[in-house]
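> Pasting the sequence and the predicted coordinates here, then a few questions.
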There are 2 protein chains.
Amino acid sequence: MSDQHQNDNDNSIMKKPMTRRDVLRLAGTGGLGLLLGGGAIGSLFKAENNRKTKTAQADATGSRVPFYGQHQAGITTPPQNFICFAAFDVTASGSKALQKLFKTWTAAAAAMAEGKQVGEESSNLNLPPVDTGESVGLNPSQLTITFGAGPSLFDDRFGLASKRPPSFKDLPAFNGEQLEPQWCGGDIGVQVCADDMQVAFHAVRNLARIARGTAVLRWVQEGFQRTAQADPTGGTPRNLLGFKDGTANPAVSSAQDMNKIVWAQSGDGASWMAGGSYMAVRRIRMRIEIWDRSSLKDQEDTFGRYRASGAPLGSKNEFDPVDLNQKDEKGNLMIPADSHVALARGDGSIQMLRRSYSYSGGIDSKTGQLDAGLLFISYQRDLFKQFVSLQQKLSKSDRLNEYILHVGSAAFACFPGASKGGYIGDTLF
Amino acid sequence: MSDQHQNDNDNSIMKKPMTRRDVLRLAGTGGLGLLLGGGAIGSLFKAENNRKTKTAQADATGSRVPFYGQHQAGITTPPQNFICFAAFDVTASGSKALQKLFKTWTAAAAAMAEGKQVGEESSNLNLPPVDTGESVGLNPSQLTITFGAGPSLFDDRFGLASKRPPSFKDLPAFNGEQLEPQWCGGDIGVQVCADDMQVAFHAVRNLARIARGTAVLRWVQEGFQRTAQADPTGGTPRNLLGFKDGTANPAVSSAQDMNKIVWAQSGDGASWMAGGSYMAVRRIRMRIEIWDRSSLKDQEDTFGRYRASGAPLGSKNEFDPVDLNQKDEKGNLMIPADSHVALARGDGSIQMLRRSYSYSGGIDSKTGQLDAGLLFISYQRDLFKQFVSLQQKLSKSDRLNEYILHVGSAAFACFPGASKGGYIGDTLF
């Protein structure tokens, strides 16, 4: 099944009349805006349920997400089940080596997205295999590989200082965070997502192998959410605090919204980033044991939603509008003003596309407690106006802060997509 | 779909005439021997392909593996996609507290295997929720929870010293191992496996929560293999060295073989262990970067198999018999005598049931290299005659030792299964 689909490339889609299946397929990968332009798309989808779009897409494609396109895959692509996030530091100097790395990575990533190995194996048995082989026989599993440049890439090593987008720099310190250097920063960030963990791991490992001599791994974090098999309804997944997470995400089916919220525009100050997006990554440890000792009322007041349904407090259904003014019979706000949903929503003016995963990393050997939490990832058009501005507010007042701790942090300028013949990063160099 | 199957309990199966589907369903869970007795079963299955049995079972059951039975589930159950392994140390003293823990754990584990929460939620919002909630809405995902006692449980704390099976004690030191205390030992070991990582995590977390005041987590290791979705052929999965792993496993469909290889028997020296099994767990780190620099010939000579097909060197197909005497035209052995397959197979007299998972734990912050490898798990009737005796041989001569490092180690006496009304461990107390 997957072989058949691997032969069926992007170009052929462009030439053939589009079926409803094709539309569904492209919708999840950010390619739809390119074909149809802005507004007419929303009506094709239930905006509230990205996962449903995805299931349809998986059926239609044999689990392949096209690598090339106007935008990089893995941003508006409906979230896959697993992530393996890798941050790299560049050890070579000079722009040439860096360009070569991105060219080689692009070819390898495009091949892996098709379910192929990173290169042709030689018939010479005395050479190391070109590909490490653990994904042989596996289908592409919706693999997406999304590359971004960290603020440190714009120092004096590669002649890129003048290219740094004006609004892109290291994240400021936030109230209460306890960052650990081993989970922070990176010259390059690579978000690898797939519906199979072995496929995701394989991609990171082979990218690291290809980078040898040019870049080294700085940190790697695996993550998961519930699988579509475990939850065929495709509802919003729950985080490890037991609450639905992602309800309020903007609909990726609206190209207009995505252009406003997610994609950097040519007039934003760095023309090479047009069609790209700025990513914030935070490793947020959950204080699981403390949370588990708090009452259901405290938990629901903390999120501002019911645990069972995900509905805003005072409402019935998960996607009911959040009414921050509704009061109970005693005149108290139904949704506490310092609850997560009240603060994160605010007046609705700050939006971003969240694409987070749960992580579980055994136990913390110092405390004996579970080292588990959320690998928070958000994409936005402007890192400071969106993520930073919201996180400053949350870090000061969010009731949830009692139960979480930000221990890792990074930001990456994720390049626009590449077209065949080009490479990821080609607009920068 | 899953709700329907949750209402469809073990007893109803026993009473109804058995369909082929029912047979397939029980076969994977070790329940078939109980129903049919020994020999007639093998012909129903392709012995070589446990995964196929499993797929059939998943279709038939709506993803539920019965918790109660003659044997604990999770041993001869076809391997699920994910593991979350937890080792606990008991902090309470006295047999009463320990018994109470196993009783409560049994009820919780049986409920979770049915896709239910660990207990009924109270209507009092001012109490902490009974269940942590992150698996609400998910189906059981073939969840199995397998409990075992470590050698340390038989010291003087619980009055169990006289119950220690004569052949069950701490594993001896093996050549070349570099054990790290944070990955070793435990009074109690709990192997949690499921086709959904969130379901597996949920189980470990809730067991840890239930244990509060009686036992604490000592170490936790997550693991994965490729999903059935990524490989619908159900072939033998590949380990992170790119080779198929598990080809030579004995067929779980033969009750006769399982009684010989896996299940402790009443005459073995500890009658309370009859129907249980001894588990060895080794956290085996792979020296990924060194492996990836070695030639394909070296890699294949190391395993004694072809990487692409999994066939023994000199043969064509994965399940061809391993011929350790076959020579090439120059008179050299096709399968090197110090290859992994040659040593692990030996004269075929030592068998065990392996049930291992790959793990990926980010990077080793000291070396910057990937901390990935194999969470090796094997089940056997006699820990020393089987696992220890083979591992002593492997640790001295296996060519694979150049590329792996044992950093964690534990052994557990996994209790026989419990029947409804009983509890796991009830034969011991």
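Arrived safely.
> element containing the residue of chain A positioned farthest from its centre, please.
Going by Cα atoms, centre = their mean, the residue of chain A most distant from its centre is A:K330, 41.9 Å out. Assigned by DSSP states H and E, A:K330 falls within no helix or strand.
> State the pLDDT value of it.
Predicted confidence (pLDDT) at A:K330: the value is 95.
> do you know how far it is from chain B?
Per Cβ to the nearest Cβ, to the nearest Å, A:K330 is found 16 Å from chain B. Bear in mind the C-beta positions are built from the backbone N, C-alpha and C, glycine included.
> ok, now A:Q256?
32 Å.
> wait, isn't A:K396 in contact with A:N175?
Yes. If you go by Cβ atoms under 8 Å, A:K396 and A:N175 touch, sitting 5.3 Å apart.
> Now the stretch 251-400 of chain A against chain B: closest residue?
Chain B sits closest to A:K297 of the stretch 251-400 of chain A, with a gap of 4.0 Å, by Cβ to the nearest Cβ.
> Pull the residues that contact the helix or strand hosting that residue.
A:K297 is part of helix A:296-303, with elements assigned from DSSP H and E. Outside of helix A:296-303, the residues within contact range by Cβ atoms under 8 Å, 6 or more residues apart in numbering or on different chains are A:241-243, A:291, A:294, A:306-307, A:313, A:336, A:339-341, A:399-400, A:402-403, B:121, B:125-129.
> can you check stretch A:130-138 too?
Here stretch A:130-138 makes contact (Cβ under 8 Å, 6+ apart) with A:112, A:115, A:117-122, A:196, A:198-199, A:201-202, A:205-206, A:209, B:226, B:230-231, B:233, B:235, B:238-243, B:292, B:307-308.
> how far does it sit from the chain's center?
24 Å (Cα atoms, centre = their mean, to the nearest Å).
> try stretch A:280-295
20 Å.
> Ok, stretch A:340-359 next?
14 Å.
> In the stretch 201-350 of chain A, what residue comes closest to chain B?
Using Cβ to the nearest Cβ, A:G242 is the residue of the stretch 201-350 of chain A that sits closest to chain B, at 2.8 Å.
> So what does A:P250 look like in phi/psi?
phi -70, psi 160 (degrees, to the nearest 10).
> quick one on the thing from earlier: next, check the contacts of stretch A:130-138 against the helices and list the overlap.
Of the positions in the contacts of stretch A:130-138, A:M112, A:Q198, A:V199, A:F201, A:H202, A:R205, A:N206, A:R209 sit in helices, assigned by DSSP state H.
> For the closest residue to the fifth one other than its chain neighbours, the count of nearby residues, please.
Meaning A:H202. Ranked by Cβ to Cβ, 6 or more residues apart in numbering or on different chains and with sequence neighbours excluded, the top spatial neighbour of A:H202 is A:S135, at 4.0 Å. By other Cβ atoms under 10 Å in any protein chain shown, 31 other residues sit near A:S135.
> A:S135 and B:G361, how far apart?
Distance, A:S135 to B:G361, using Cβ to Cβ, to the nearest Å: 19 Å.
> Let me see the domain layout of chain A.
As assigned by automatic domain parsing, chain A contains the domains A:3-62, A:82-414.
> Let me know which of these is tucked in deepest.
The highest average neighbour count among the domains of chain A, using mean count of other Cβ atoms under 10 Å in any protein chain shown, belongs to domain A:82-414 at a mean of 20.
> Just confirm A:K366 is within a helix.
No. According to DSSP: H, G, I helix; E, B strand; the rest coil, A:K366 belongs to no helix; its state is coil.
> so A:K420 touches A:P66, yeah?
No. Counting by Cβ under 8 Å, A:P66 is not a contact partner of A:K420; they are 10.1 Å apart.
> thinking again about what came up before, sec struct for the residue nearest to A:H202, please.
Recorded secondary structure, A:S135: coil (three-state DSSP).
> so how far is B:L375 from it?
Look at A:S135 and B:L375: by Cβ to Cβ, they are 19 Å apart.
> How about the contacts made by the closest residue to A:R287 other than its chain neighbours?
Nearest residue to A:R287, sequence neighbours excluded (Cβ to Cβ, 6+ apart): A:Y403, at 5.0 Å. Residues in contact with A:Y403, defined by Cβ under 8 Å, 6+ apart, are A:L241, A:M286, A:R287, A:I290, A:W291, A:S294, A:T302.
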